[in-house]
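Trainee: Return a 3D structure for these sequence lines:
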Amino acid sequence: MKPILAPLTWLVLVALGAAGCSSRMGDGIDVAGLTPIRHVVVVVKENHTFDNYFGSFPGADGIAQVPSSAGLIAPPHAPDVTPRDLCHAHPCALTDYAGGAMNGWEQVSGATSGGDNLTYAQYAEADIPNYWQYARHYTLADRFFADVLGPSFPGHTFVLAAQAGWASGNPDVNLDHPYWGCDEDPSARVTVEDPRIGAPAQVFPCFDIPSLPDVLPAGVNWRFYGSNFYVLPEIWSMFDAISPIRMGDGWAHVVSASTFDLDVDRGALPEVSWLVDQDLDDEHPGYGSVCLGENWTVGHLNHLMNSPLWADTAILFTMDDFGGWYDHVTPPRQYGLDPAHPYGLGFRLPLIVISPYARAGFVFHEVSEQASIPRLIERVFGAPALSTLDPAAQDGQANDLFGAFDFTQAPLPPLPLPLRACM
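Mentor: Have a look, this model is predicted:
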């Protein structure tokens, strides 16, 4: 049951923000239980930048012409299934970043093979119409950055722990031990760039770091809804790389995404959940169809929107990493071991905030990052920042995304959408 004083409290907080007392609504104030939000669902898909998905979105900071080596050109049209994956490893991201000049994209092998300029390509509204519908009706963030200049392993871990143990890349894998993290072959290694070490190091990809379940208050439950990994039978989750979860009781909270709709139906959705596809519906370039991936997302969100849970839910839809696609906005903060070759911030990612309390038809221009997702969850449920347990966590300084919400507005209706016929 919502506290009776919640709307009045939020009117006071809005007034404080308008008076310049806070750059983000509720900073320095214990807001636990005062918002109408009782459920947060984090949906993470694969490998797209903001420009790649929303570069032509009205009112957002997109780009109509890209600065290629041949001069300014219109972004090519991105195909539903791309002909190849683009390099998005840490060294490739540093090449793209070019010390902040943002002009190294064509120097990465495969970025423009055969003159197709794939790295610069964009999807139009007709290609991802339902994602655009969410963005038009709710809130689209156009200053949401990856925390790492790099690929999936650190990107997925940041939305769970606000850090990735300073990992800058993906670990080695083999067919006998294909799952990233503590279940890998003992010889597996991943590069970390921990400033406390003073030089890059190769370590086993199983990190003794705190994650959100460690700080959530008693009675706030969580679950990670994941898919299998292509033909492999087990659930894929980056909690595998967080040893207190993988080696503890928390691993029982990692379940199949096929149970998400069932939990919604029976009112058993936990307060905090991650919904992640790592199969053919993950939208990963070179492997999956963007259309099929959008349908996967929409199918699950339709289920939630058609349930009583919609009334108190916030859904955060985003990507794990930039996927090698171009984005024109220079990351505004650098941190890590080597200032000349920063660990992060990385490039902009799409973020759509979908909720009855998301600002309607709003483009959220505040700078935020992947660590903002844990920060929002901490703020909603009254948890301490993970950075109080481990200074490597970036949530303590991250934007809490509250500016994307208006908790005093008349709640927005759900937006169930039709699934599309994919080629």
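
Trainee: right, and Tyr134 touches Thr318 too?
Mentor: No - using CB atoms under 8 Å, Tyr134 is not in contact with Thr318; the gap is 11.9 Å. Glycine gets a C-beta too; all of them are placed from N, C-alpha and C.

Trainee: any shared contact partners between those two?
Mentor: Ile352 (CB atoms under 8 Å, 6 or more residues apart in numbering).

Trainee: what ranges do the strands span in the protein?
Mentor: Listed in chain order, the strands of the chain (DSSP state E) span 39-45, 66-68, 71-73, 139-141, 144-145, 190-192, 201-203, 222-226, 254-256, 272-276, 313-319, 351-354, 362-364, 368-369.

Trainee: can you put the ones you listed in CSV and add distance to Pro171 and mean pLDDT?
Mentor: Output for the strands of the chain, formatted as CSV (distance: least, CB to CB, whole Å; pLDDT from 0 to 100):
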stretch, distance to Pro171, mean pLDDT
strand 39-45, 18, 98
strand 66-68, 33, 95
strand 71-73, 37, 96
strand 139-141, 30, 99
strand 144-145, 23, 99
strand 190-192, 4, 98
strand 201-203, 9, 97
strand 222-226, 18, 97
strand 254-256, 18, 96
strand 272-276, 18, 98
strand 313-319, 20, 98
strand 351-354, 26, 99
strand 362-364, 33, 98
strand 368-369, 23, 98
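
Trainee: Turn those into JSON lines, columns for distance to Gly59 and mean neighbour count.
Mentor: Below are the strands of the chain laid out as JSON lines (distance: least, CB to CB, whole Å; neighbours: other CB atoms under 10 Å):
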{"stretch": "strand 39-45", "distance to Gly59": "23", "mean neighbour count": "23"}
{"stretch": "strand 66-68", "distance to Gly59": "20", "mean neighbour count": "18"}
{"stretch": "strand 71-73", "distance to Gly59": "22", "mean neighbour count": "10"}
{"stretch": "strand 139-141", "distance to Gly59": "9", "mean neighbour count": "28"}
{"stretch": "strand 144-145", "distance to Gly59": "15", "mean neighbour count": "28"}
{"stretch": "strand 190-192", "distance to Gly59": "39", "mean neighbour count": "22"}
{"stretch": "strand 201-203", "distance to Gly59": "44", "mean neighbour count": "14"}
{"stretch": "strand 222-226", "distance to Gly59": "32", "mean neighbour count": "23"}
{"stretch": "strand 254-256", "distance to Gly59": "38", "mean neighbour count": "16"}
{"stretch": "strand 272-276", "distance to Gly59": "28", "mean neighbour count": "24"}
{"stretch": "strand 313-319", "distance to Gly59": "18", "mean neighbour count": "24"}
{"stretch": "strand 351-354", "distance to Gly59": "14", "mean neighbour count": "26"}
{"stretch": "strand 362-364", "distance to Gly59": "5", "mean neighbour count": "20"}
{"stretch": "strand 368-369", "distance to Gly59": "17", "mean neighbour count": "26"}
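
Trainee: Distance to Cys182 for those - can I get that in CSV?
Mentor: CSV is the format used below for the strands of the chain (distance: least, CB to CB, whole Å):
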stretch, distance to Cys182
strand 39-45, 20
strand 66-68, 41
strand 71-73, 46
strand 139-141, 32
strand 144-145, 28
strand 190-192, 12
strand 201-203, 12
strand 222-226, 15
strand 254-256, 12
strand 272-276, 18
strand 313-319, 25
strand 351-354, 29
strand 362-364, 36
strand 368-369, 26
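
Trainee: Quick check: which of those strands is nearest to Cys87?
Mentor: Among the strands of the chain, strand 190-192 comes nearest to Cys87, with 15.5 Å by CB to CB.

Trainee: just how off-centre is the closest one within its chain?
Mentor: Offset of strand 190-192 from its chain centre (CA atoms, centre = their mean, to the nearest Å): 21 Å.

Trainee: Now do the same contact list for Met238.
Mentor: By CB under 8 Å, 6+ apart, the contact list for Met238 reads Phe153, His156, Thr157, Leu160, Trp180, Gly181.

Trainee: Between all of those residues, which two are separated the most?
Mentor: Going by CB to CB, the pair spanning those furthest: Leu160 and Trp180, at 12.6 Å.

Trainee: State the number of residues packed around Ala60.
Mentor: Ala60 has 18 neighbours, counted by other CB atoms under 10 Å.

Trainee: same thing with Pro391?
Mentor: By other CB under 10 Å, 11 other residues sit near Pro391.

Trainee: swap in the one 3 residues further on?
Mentor: Here the number of neighbours of Gln394 (other CB under 10 Å) works out to 27.

Trainee: out of everything not next to it in sequence, what's closest to it?
Mentor: Of all residues not flanking Gln394 in the chain, Ala371 sits nearest, at 3.8 Å (CB to CB, 6 or more residues apart in numbering).

Trainee: so how far is Phe144 from that neighbour?
Mentor: Going from Ala371 to Phe144 by CB to CB, to the nearest Å gives 11 Å.

Trainee: same deal with His137?
Mentor: 18 Å.

Trainee: Same check on Asp249?
Mentor: The gap separating Asp249 from Phe144 is 33 Å, by CB to CB.

Trainee: Need the nearest residue in space to the residue most central in space within the chain, chain neighbours excluded.
Mentor: With distances taken as CA atoms, centre = their mean, Thr318 lies nearest the centre of the chain, 3.9 Å away. Counting by CB to CB, 6+ apart, Thr318 lies nearest to Leu351, which is 4.7 Å off, once chain neighbours are set aside.

Trainee: Quick one: residues contacting the one you found.
Mentor: Leu140, Ala141, Phe144, Leu316, Phe317, Thr318, Phe364, Ser368.

Trainee: In TSV: those residues, plus distance to Trp236.
Mentor: Putting the contacts of Leu351 into TSV (distance: CB to CB, whole Å) gives the following:
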residue	distance to Trp236
Leu140	28
Ala141	26
Phe144	24
Leu316	20
Phe317	19
Thr318	17
Phe364	30
Ser368	26
